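**Q** Below: sequence and its predicted model.
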Amino acid sequence: QTLTAYLVPFAAMNLWHGALSDAMGRRRVVIGSLVVLLIASVGAALATSIEALMGFRVIQGAASGVGLVVGRAMVRDVYEGAQAQRVMAQVSALFAIAPAVAPVIGGWLHELFGWRSVFGFLAILSTLLLVWSHLGLPETLPAAQRHPLHLGRLLRSYLETMTDGAFLAAAGAATFNFLGVFLYISSAPRFLLEHLQLRETQFLWLFGPMTAGMMLGAAASGHLAGRLSPMRTLGAGYLLMLGAAAANGLFHALHGAAVPWSVLPIAVYSFGMALSMPTLTLLSLDLHPTRKGLASSCQAFLLTTGNAVTAGVLAPLLNTTPLRLAIGQLSLALVGLGFLGIFLHLSRRPTSRHPATV
C-alpha cells in the first residue's frame, strides 16, 4: 500500500517537473524538490501511524522524480552531439541501475535495523544531495529561454508533445526496452526464491549481473559516442537485446532454471538496453528543443506508466515460469524495435521536421 501511495504521485508529478523547470529554472526546481524529499523522508521515519506513513510516502513520490526529468533536460541544455551522448549515458546508467540496487540496499537495511532505517537512509541521502546541489549545481536554462506557466499554452504544449508520432515512437522504444529489464525486477521475489530456489539474502544473483550489464552498457555508449553513428549504436543494442532474450527463452525451453545460466542472458540484455537508452533519449528530446523539460517529463511519464503496468499486470501473468518471463522479455524488446522502426519511418519523410540522428 505504501508503494502504491508513492508510485501514483511519482507518475503524476513526472508530467509537471519538466514544465516547472522550463518556467522557473532547473536549479530552483531541483533544490526545492530535495528539500521536500528530505522533510518527507524524516516524517516517514518518525511516523507513528500507517496514515501518517502513507501521507509522507505520497509527498516522497511527488518530489522524487525531479532528478530523472530535470537531469535529462539539463544535459541537453549544455551538451550537443557526441558529448551529449556521453553525458546522457552516465545519467541513464544511474537511473537504470537505481531500481536494481535499491531493493538490495533496502532489504539489508530492513534486515539489520528495521523499516524506519530505510527512510532514515533516504533522509541522509537527500541531505547530501541537497548540500551538493546547493554548492555545485549550476543553472543551465537562462531566464530568456524560460516559458511562463500559462495554463492554456502549457496544455497545448503537452498536447503537441503527446500527439507527436515521432516523439512517442522514440520514447516508446526506450520504454519497452527498459521494461524487458523491469519485468525481472518486479518478478524478482518469485524468480529468485521459487524458480531459482535462492534465499532472501541472495538477490545479488539477479541484481549483481543486471547492474553490471547496465553499467558496462552505459560506459560502452559513452565510449562509442562520436565513433559509431547513433543508428549503428542502436543496431548493436537491439542485436544484443534480441539475441540475449532469444537465448534466454531457448535455455528455459530445454532446461530448468539454474544459476548462473538463468541470469547471464538478463545481464547481456541489460547491456544492450543501456547501450541504446542514451541515443533514444536524445532523439526524443531533440524533437522539442524549446521545451526540453516538458519533453523529458513526458518521457518519464511514459516510462513510469509502463513500469506500473508491468509490475501490476505483466509480471503476475508471466512470472509463473522462467520460460514465460523469457518470452515476455523477448516480446517487449520486439515491441521496442517496432517503435524504433516507426520513428525511422516518420523521421525520413521528406516533409518531416524530425531529425534522424543525434
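**A** Here it is on my side, so go on.

**Q** Which helix or strand lies directly C-terminal to the helix ranked longest in the chain?
**A** Secondary structure of the chain read by DSSP state H shows that its longest helix is helix 81-113. Sequence order places helix 116-136 as the next helix or strand after helix 81-113, per DSSP states H and E.

**Q** list the helices and strands the helix or strand following that following helix packs on?
**A** Sequence order places helix 151-162 as the next helix or strand after helix 116-136, per DSSP H and E. In terms of contacts (3 or more CB pairs under 8 Å, 6 or more residues apart in numbering; DSSP states H and E), helix 151-162 is packed against helix 2-24, helix 292-309. Heads up, the C-betas are built off the backbone N, CA and C, glycines and all.

**Q** any idea of the angle helix 151-162 forms with helix 292-309?
**A** 60 degrees (axes from the mean of the first three to the mean of the last three CA atoms, to 10 degrees).

**Q** So which residues make contact with helix 151-162?
**A** 15, 19, 147, 167-168, 288, 291, 294-295, 298 (CB atoms under 8 Å, 6 or more residues apart in numbering).

**Q** how about the worst-scoring helix or strand of the chain on mean pLDDT: buried residues?
**A** When the helices and strands of the chain are scored by mean pLDDT, DSSP states H and E, helix 81-113 comes last with a mean of 80. Buried positions in helix 81-113, judged by neighbour count with 16 or more other CB atoms under 10 Å: 82, 84-89, 91-93, 95-97, 99-101, 104, 109.

**Q** May I ask which of the contacts of helix 151-162 has the most neighbours?
**A** Neighbour counts for the contacts of helix 151-162, by other CB atoms under 10 Å, peak at residue 295, which reaches 30 neighbours.

**Q** pLDDT below threshold where in the chain?
**A** Scanning the chain for pLDDT under 70 picks out 1-3, 96, 99-100, 349-358.

**Q** repeat that with 80
**A** 1-4, 7, 92-101, 103-104, 107, 149, 200-201, 203, 349-358 (pLDDT under 80).

**Q** Skipping adjacent residues, who's closest to residue 164 in space?
**A** residue 287 (6.2 Å; CB to CB, 6 or more residues apart in numbering).

**Q** From residue 247, how far out is that neighbour?
**A** Relative to residue 247, residue 287 is positioned 34 Å away (CB to CB, to the nearest Å).

**Q** and the angle from the least confident helix or strand of the chain to helix 292-309?
**A** Using the same axes, to 10 degrees: helix 81-113 against helix 292-309 is 40 degrees.

**Q** Provide a list of residues in contact with residue 186.
**A** 307, 310-311, 315.

**Q** cool, residue 140 as well?
**A** Shown in contact with residue 140 (CB under 8 Å, 6+ apart): 26-27, 74, 77-78.

**Q** same check, this time on residue 203
**A** Residue 203 neighbours (CB under 8 Å, 6+ apart): 103-104, 107, 188, 192.

**Q** Identify, from those residues, the entry nearest to residue 347.
**A** residue 188 (36.6 Å; CB to CB).

**Q** wouldn't the closest one be in contact with residue 206 here?
**A** Yes - judged on CB atoms under 8 Å, residue 188 makes contact with residue 206 at a distance of 5.8 Å.

**Q** which one of those two has more residues nearby?
**A** The neighbour comparison of residue 188 against residue 206 (other CB under 10 Å) goes to residue 206, with 25 against 20.

**Q** The more buried one looks like it's in a helix, true?
**A** Yes - residue state for residue 206 (DSSP: H, G, I helix; E, B strand; the rest coil) corresponds to a helix.

**Q** so it sits right up against residue 192, yeah?
**A** Yes - the pair residue 206 and residue 192 qualifies as a contact (CB under 8 Å) at a distance of 5.7 Å.
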